[in-house]
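Asks: Pasting the sequence and the predicted model now:
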Amino acid sequence: MKKLFLFLACMPFLLATTCEEDDEVICTQEAKAGLNITVKDAVTQDLLSLGVTVIIQDGLYTETLEEFIGEEFSFFMGAWERVGTYNVTVSKEGYQTFTSEPIVVTADVCHVIPQQITVDLQPN
């Protein structure tokens with residue numbers, strides 16, 4: 001048991017020493033959205049899309065997100081390959097406007113790391 005514990009404790013160091021500095025990283029060519037936002041009715045939990053406006057802002061940068069609809073999903077995507085700290089505003093007639101706390105989008109060596117957010121809009 002002690003040997004297993006010692007092995008597991010040393011594993012990160014063993015893995016770190018197996019990589020060489022000239023290892024090539026191969027990235028995909030697809031663009032990744034930094035923000036993926038699902039909008040629901042807070043009472044019924046029904047997905048909302050028709051008439052929903054989602055705007056993100058990072059400093060002076062502002063973007064109205066694109067809507068993607070499928071048979072069992074509906075979401076808004078934006079901040080394509082763009083790191084930043086975003087405030088999200090979601091509005092729809094008949095609902096209270098939602099404004100988020102800052103959401104940080106970071107990146108690895110290839111792409112942004114998508115943030116999945118669900119917004120529950122409160123009916124008026």
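Replies: In hand now; what should we look at?
Asks: Okay, and G34 sits in which element?
Replies: G34 is part of strand 33-41, with elements assigned from DSSP states H and E.
Asks: Tell me the pLDDT of A79.
Replies: For A79, the pLDDT comes out at 96.
Asks: Could you tell me how far it is located from P123?
Replies: For A79, the distance to P123 (CB to CB, to the nearest Å) stands at 28 Å. (C-beta placed from N, C-alpha, C; glycine too.)
Asks: what about those two, which has more around it?
Replies: More crowded of A79 and P123, by other CB atoms under 10 Å: A79, with 24 against 11.
Asks: What backbone torsions are found at that one?
Replies: phi 60, psi 50 (degrees, to the nearest 10).
Asks: gap between the nearest residue to it once chain neighbours are set aside and Q116?
Replies: By the measure of CB to CB, 6 or more residues apart in numbering, the closest residue to A79 outside its immediate chain neighbours is G34, 3.4 Å from it. Counting by CB to CB, the separation of G34 from Q116 is 11 Å.
Asks: Which residue, other than its chain neighbours, is closest to D46?
Replies: K40 (6.5 Å).
Asks: Hmm, the one you found is touching L48, no?
Replies: Yes - between K40 and L48 there is a contact under CB atoms under 8 Å: 6.2 Å.
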